[in-house]
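**Q** Quick one: sequence and predicted model below, then my questions.
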Amino acid sequence: MSAKAKADPADKIEKVEQIFQFKQFSIQQDKCSMKVGTDGVLLGAWADGEKATRILDIGTGSGLIAIMLAQRNATAQIHAVEIDDQAYLQATENMENTPWADRLTAFHQSIQEFAETPQQEYDLIVSNPPFFSGGTFSFNQDRNSVRHTVKLPHGDMLRAVQKLLAKTGKFCVILPFVEGLRFQELAASYHFYCTRVTEVLTNANKPVERLLMQFELESRTPQRDQLVVRQDGPIEWTEAYQNLTRAFYLKM
């Protein structure tokens, strides 16, 4: 979702010199091309990670989602993979400055390389992946490489998840609506079944903007629901969005 004034719940985070302060941790992001935004917060709060013992975050960026999952799960060992040099350093620094540093580890390599010789299987794998598969490239090459499927084609990610996900594990991603529908079709060709979908709307009068999706290796009827983020009235955020993210945002 776009980071416009009064349009992004990230506005509810206090920002001080490239630092975003959450209730129990802070995220430094001066080295990262992609900043803290609604998509990452949504995925970190939504993914079913409370009972997982091993969690993997693909393309961790600043480390936000991995750190959120560490807050939600008191015992899980959490690994995060990041190919970008500066983002890896930033994620490592952010992880070291949390109360859960002993359970958070960042790896400086591509997920393709990481999955070549898997050392363990994961109960939960999450990713806020690049989503533009075409179109015009921007002048900001770092940001462009993150947002376009250049360094991480979706097929490569699905092949890596095939190698790394436990048989009863869950794989969760967030994507724009159209890209999410395409991803579901592609995932099916890798024998992943979409078992849970939340359609995210900026407000009730807008079309679906994002899809939060959970994939598993066993087919079953998917759970489907909607999440409206904003509302008219004195309280800007809907009760459902507040309930999902209250443990993280300072002013909720």
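**A** Thanks, I have it. Small disclaimer: the values here were computed from a predicted structure and weren't measured.

**Q** can you count the residues close to the nearest residue to Phe248 once chain neighbours are set aside?
**A** Nearest non-adjacent residue to Phe248, counting by CB to CB, 6 or more residues apart in numbering: Phe22, 5.0 Å away. (C-beta placed from N, C-alpha, C; glycine too.) Per other CB atoms under 10 Å, the neighbour tally for Phe22 reads 21.

**Q** quick one: Phe22 and Lys251 touch, right?
**A** No - counting by CB atoms under 8 Å, Phe22 stays clear of Lys251, with 10.7 Å between them.

**Q** for Val161, helix, strand, or coil?
**A** Of the three states, Val161 takes helix according to DSSP: H, G, I helix; E, B strand; the rest coil.

**Q** quick one: low-confidence ranges for the stretch 1-150 of the chain?
**A** 1-17, 130-150 (pLDDT under 70).

**Q** Tell me which stretches of it form strands.
**A** 14-15, 19-21, 26-28, 54-58, 77-81, 104-107, 122-127 (DSSP state E, counting those that start in this stretch).

**Q** a markdown table for those, including mean neighbour count?
**A** Shown next, in a markdown table, are the strands of the stretch 1-150 of the chain (neighbours: other CB atoms under 10 Å):
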| stretch | mean neighbour count |
| --- | --- |
| strand 14-15 | 13 |
| strand 19-21 | 17 |
| strand 26-28 | 20 |
| strand 54-58 | 26 |
| strand 77-81 | 24 |
| strand 104-107 | 20 |
| strand 122-127 | 26 |
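
**Q** Among these, which comes closest to Lys35?
**A** Set against Lys35 and scored by CB to CB, the strands of the stretch 1-150 of the chain come closest in strand 19-21, at 8.0 Å.

**Q** circling back: tell me which of the strands of the stretch 1-150 of the chain approaches Ala87 most closely.
**A** Among these, the nearest to Ala87 by CB to CB is strand 104-107 (9.3 Å).

**Q** so Met252 sits right up against Glu236, yeah?
**A** No - counting by CB under 8 Å, Glu236 is not a contact partner of Met252; they are 10.4 Å apart.

**Q** now Gln86: how far from Arg230?
**A** 33 Å (CB to CB, to the nearest Å).

**Q** Which residue of these two possesses the greater neighbour count?
**A** More crowded of Gln86 and Arg230, by other CB under 10 Å: Arg230, with 19 against 13.

**Q** Could you pull out the strands in the stretch 151-252 of the chain for me?
**A** Taking DSSP E, counting those that start in this stretch as the test, the strands found in the stretch 151-252 of the chain are 165-176, 193-201, 210-216, 223-228.

**Q** Determine which stretch of those strands is the most buried.
**A** strand 210-216 (a mean of 22; mean count of other CB atoms under 10 Å).

**Q** what about that one, average pLDDT?
**A** Here strand 210-216 scores 98 as its mean pLDDT.

**Q** Show residues contacting that strand.
**A** Residues from elsewhere that reach strand 210-216 (CB atoms under 8 Å, 6 or more residues apart in numbering): 1, 39, 42-43, 46-48, 168-177, 180-181, 183-184, 187, 192-200, 227.

**Q** can you do 6 Å?
**A** 46, 170-175, 177, 180, 187, 192-198, 200 (CB atoms under 6 Å, 6 or more residues apart in numbering).

**Q** Tell me which strands it pairs with, and in which orientation.
**A** When sheet partners are counted by DSSP bridges, strand 210-216 sits next to strand 165-176 (antiparallel), strand 193-201 (antiparallel).

**Q** That one versus strand 122-127: what angle between them?
**A** 160 degrees (axes from the mean of the first three to the mean of the last three CA atoms, to 10 degrees).
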